[in-house]
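>>> Provided below for reference: sequence and predicted model.
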Amino acid sequence: MMALSVVILAACTGSSKTDGDSSSKPSALSLDSIADSVCFKVKGQDVCVKANVVVPSNNENVKKGVTEIFRELGQDDDFTGYPDSLKVDTNDVRSLVRFLLESKAAWLKSDAEDLTGDLETPLSYTLDMYQLEETGNHVTFAFTEESMFSGPHPYYSCLGVSYLMPSGRKLTIADLSSDKTDEIRKEVQSVVKRNLTELSKGEDVDIDAALNLKNEDGSDRLLELPENGFYLLGDSMVFTYQTDEICSYAFGMPEAKIPLKQMKEKGWLGKELSDLVK
């Protein structure tokens, strides 16, 4: 089953340019790069947490949206606020990235010190944030995390986010037709099942059981849409589930790509998003 994880972890790492007229338009968004790291030694082992990210510099609306993502990432792992001692500027991406790295470093150090004896696995944390796609209508970014801690395997996450241009408004589930949610969920579930079935060929895997598609009373249940919503890439809408969100770690991060034209024809898109699909 571990082979499934390797393949499915390709989610959120699509090409930054896709076929079609919209993606071949000249870039209107300028990006600044930020590279930062915190390194230390614990129990004789060198440990590094690092980040390589890009930040929009000429569109304040998109920049605010990206800043909000880093603000959310910095409050994960039970960190409920920003310690006054760090004097974090919560409107500055560079300051938020530094806070995130220091928080992850403290988490890894505490994890290592709680163990008895030597470390059996390397410890690290890496955050990469990059632009997946820019068109005349939207820009899509990917945020990927890889954590190596004292558990039996690494932990991965991948967040794809799309913003409308030039307004910078983040696309969310609210941009889908609210009265068509169950139809969309059925299609997402069908695509996820098809993908996992294809990947697990030759292995004895009950996909329905793996996805827990039965209620306690034996009736069928639908997958919820991903907690992190969707993003746009090429001519499709992509729904990516995080590790352990709907099935075990061995299945990686299942995803469903649904053509935007199909979604428009079925009336699944809200008006603003539907108007963008030609």
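Perfect, thanks for sending it.

>>> What strands line up against the helix or strand harbouring I258, and which way round?
Following DSSP states H and E, one finds I258 within strand 255-259. The strands beside strand 255-259 in its sheet (DSSP bridges) come out as strand 236-240 (antiparallel).

>>> and the partner strand, what's its mean pLDDT?
In this model, strand 236-240 carries a mean pLDDT of 97.

>>> before we move on, what about stretch 132-145?
95.

>>> Buried ones in it, by neighbour count?
132-135, 137-145 (16 or more other C-beta atoms under 10 Å). For the C-beta atoms, the positions are set from N, CA and C on the backbone; glycine is no exception.

>>> Who are the contact partners of the closest residue in space to N215 that isn't next to it in sequence?
Leaving out its chain neighbours, the residue that sits closest to N215 by C-beta to C-beta, 6 or more residues apart in numbering is R221, at 4.9 Å. Applying C-beta atoms under 8 Å, 6 or more residues apart in numbering to R221 gives the contacts N212, L213, K214, N215.

>>> Now the second one: phi and psi?
By that I understand L213. L213 has phi and psi values of phi -90, psi 20 when expressed as degrees, to the nearest 10.

>>> thought it was touching E224?
No. Counting by C-beta atoms under 8 Å, L213 stays clear of E224, with 11.7 Å between them.

>>> Quick one: name whatever helix or strand follows the lowest-mean-pLDDT helix or strand in the chain.
Here the helix or strand of the chain ranked lowest by mean pLDDT, DSSP states H and E is helix 2-8, holding a mean of 44. Once helix 2-8 ends, the next helix or strand along the chain (criterion: DSSP H and E) is strand 31-42.

>>> who's in contact with that next one?
Contact with strand 31-42 is made by 46-57, 93-94, 97-98, 101-102, 104-105, 108-109, 112-113, 119, 123, 131, as judged by C-beta under 8 Å, 6+ apart.

>>> for the record, mean pLDDT for stretch 69-83?
Rounded mean pLDDT across stretch 69-83 is 64.

>>> pLDDT value on the residue located most distally from the centre of the chain, please?
For the chain, the largest distance from the centre (C-alpha atoms, centre = their mean) belongs to G117, which lies 34.5 Å off. At G117, the model reports a pLDDT of 71.
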